[in-house]
Every structure is written in C-alpha cells, then in structure tokens.
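# model this:
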Amino acid sequence: MNAATGAAPPAVLLELDGVRKSYNLGLPNETEVLHGVSFRIGRGEFAALIGPSGSGKSTLLNIVGLLEHMTAGSYRIDGEEVSGLDDAALTLRRRSTLGFIFQFHHLLPAFTALENVTLPALMREGRITPAQRERARAVLAAVGLGQAMDKRPGQLSGGMQQRVAIARALVLEPPLVLADEPTGNLDTVSADEVFALMRQMHRDLKTSFLVVTHDPRLAARCDRVLELVDGRLVHDGATARPPG
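Below you'll find the model as predicted:
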C-alpha cells in the first residue's frame, strides 16, 4: 500500500536483481559493463531510462528485451525466471510479452503501413487472420493514420513513420513496450507529438513502457525515472511533476 496515496502498488511485471553483463569473458580484455543492476517495472507503469553515452543503457535494454544474455543475476517476467530459457523459449516469451520501438523505425520500405503493422502477427503465428488485419487497421486509425494505411514508408513523414512503428509495437497489445530513443530522430514538434501519442496509448491500453531517452524534457514527462551511470543504477524515483 502506498502511504501517500493509499493505493496498492502495481503488480510486478518484470524484476531484475543483481544483473551483470560482461563482454570477452575469460580474455585479457574482459569488461563488465553492468554492475549488479536491480529494479522492478509494474503493470501499467511509464518509466524513463536515462544516462550518459556509454552508461550501459542499450545493453540493459537488450537484456530486458531478451536480445542479449546477462552474465549473472536474475531476471523474472510475470514471476518466471527467464535467464535459463533456451533461444526458442526466449523468442516465444519475447513475442508474447514485448513490443519494440526504435529511434529508426525499421519499417519495411516495400510494405504499406498496414502490412508493416501486421508483421508481428505474421511472425508470431505464421499467418494473418482477417481479425488481425482489422485490429491493425484499428490501431493505425488510433494513431491518426486512418487515411494512410496503404502508403509506403517513403510516402510518409518521419513523424508518421514513427506512428506506424508505435502501431506495430502495440498491435498485439504486449504487456510491455521497450522504446529506444523513439523521438531521437525527430524534430521538436514531431517528437512532442510522438511522445504524447505514446502516453495516450499507455493510458488507453494500460501497457507498461520503458523509454530510453537523452531528452530531459521527455524524461520529466514520464511517471518514473531510472538513471544509469557507468553501469550502475544511481537513481530510481517518481518524477517531480505530473506527466503530460
């Protein structure tokens, strides 16, 4: 129970405990880049991960995204320890739990916006059902692209392309979306619009977000900020003002 608000804390979605990551294990140039990182993300949270270049943010996000293996520590999703899962099980867990938004949208240029958004269903299930196609249409409409579904990425602005990427990340309604500098390639106006859209989708779908950003303005508009410096978590706390 939160003493200040009287509200119960959100259910834990993922939990990292003492996570370490080293490269070049057993070699003279072995380097540890994460030094015992621990934190939880609850269901429905919207958190920022900040820190200087070289602090380990990308490595940490890759571990959370089940794209890299940690060297030591514990990582649980919905109470399940995932560190011991084989690659096939990790792939299934990634597809069922996580959505990804990147700085560069990584849309397929030969595909329409609608086709790009249906890709997660195709990858997860090997086919696209009529219901899944309609779901993709609905999500594109929700991000303001109802009139651009048949356009290819080259026919869309940078901000519109990132909206397609957001729709793609959310189309299967994953419990957690990982966003790596999602506004870093946009101008200020487009960045604000994309961030506001992410917040809206967070409210509408109750999806958790972990957003890596170098922009202190955007970090301040998240509910919570985690700061990583030299591979160590040095701050984890609520932001000082309401998000917007």
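# Count the residues that sit near A238.
11 (other CB atoms under 10 Å). Any C-beta I mention is one placed from the backbone N, CA and C, and that applies to glycine too.
# Ok, S96 next?
Neighbour count for S96, taken as other CB under 10 Å: 13.
# separation between it and S58?
23 Å (CB to CB, to the nearest Å).
# go on, L172?
Distance from L172 to S58, by CB to CB: 24 Å.
# L176 too?
Distance from L176 to S58, by CB to CB: 17 Å.
# More neighbours: the two, which one.
Taking other CB under 10 Å, L176 and S58 do not tie; L176 has more neighbours (20 against 17).
# which other helices and strands contact the host helix or strand of V189?
Element membership for V189 (DSSP states H and E) is helix 188-205. With contacts defined as 3 or more CB pairs under 8 Å, 6 or more residues apart in numbering; DSSP states H and E, helix 188-205 has these neighbours: helix 158-170, strand 208-212.
# So what pairs up with the most centrally placed residue in the chain in the strands?
The residue lying closest to the centre of the chain (CA atoms, centre = their mean) is L178, at 0.7 Å. Beta-bridge pairing for L178 (DSSP bridges): F100, L210.
# residue contacts, the closest residue to V164 other than its chain neighbours?
Counting by CB to CB, 6 or more residues apart in numbering, A113 is the residue found nearest to V164 once chain neighbours are left out, at 4.8 Å. By CB atoms under 8 Å, 6 or more residues apart in numbering, the residues touching A113 are 107, 140, 145, 148-153, 156, 164, 167.
# what does the worst-scoring helix or strand of the chain on mean pLDDT contact?
Of all helical and strand segments in the chain, the minimum by mean pLDDT, DSSP states H and E falls on helix 188-205, at a mean of 83. With contact meaning CB under 8 Å, 6+ apart, helix 188-205 is reached by 44, 46, 101, 142-144, 157-159, 162-163, 166, 170, 173, 177, 179, 182-183, 186, 207-209, 211, 215, 218, 221, 243-244.
# Keeping just the C-alphas, turn it into PDB.
Only the C-alpha atoms of helix 188-205 are listed here, as PDB (Å, rounded to 0.1, in the frame of the first residue of the first chain):
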ATOM      1  CA  THR A 188      11.000  19.000 -31.600                       C
ATOM      2  CA  VAL A 189       7.400  19.300 -32.700                       C
ATOM      3  CA  SER A 190       7.200  15.800 -34.100                       C
ATOM      4  CA  ALA A 191       9.000  14.400 -31.000                       C
ATOM      5  CA  ASP A 192       6.400  16.000 -28.800                       C
ATOM      6  CA  GLU A 193       3.500  14.600 -30.900                       C
ATOM      7  CA  VAL A 194       5.000  11.100 -30.900                       C
ATOM      8  CA  PHE A 195       5.600  11.200 -27.100                       C
ATOM      9  CA  ALA A 196       2.100  12.400 -26.500                       C
ATOM     10  CA  LEU A 197       0.800   9.600 -28.600                       C
ATOM     11  CA  MET A 198       2.800   7.000 -26.600                       C
ATOM     12  CA  ARG A 199       1.300   8.400 -23.400                       C
ATOM     13  CA  GLN A 200      -2.200   8.300 -24.900                       C
ATOM     14  CA  MET A 201      -1.700   4.600 -25.900                       C
ATOM     15  CA  HIS A 202      -0.300   3.900 -22.500                       C
ATOM     16  CA  ARG A 203      -3.500   5.200 -20.900                       C
ATOM     17  CA  ASP A 204      -5.800   3.600 -23.400                       C
ATOM     18  CA  LEU A 205      -4.200   0.100 -23.400                       C
END
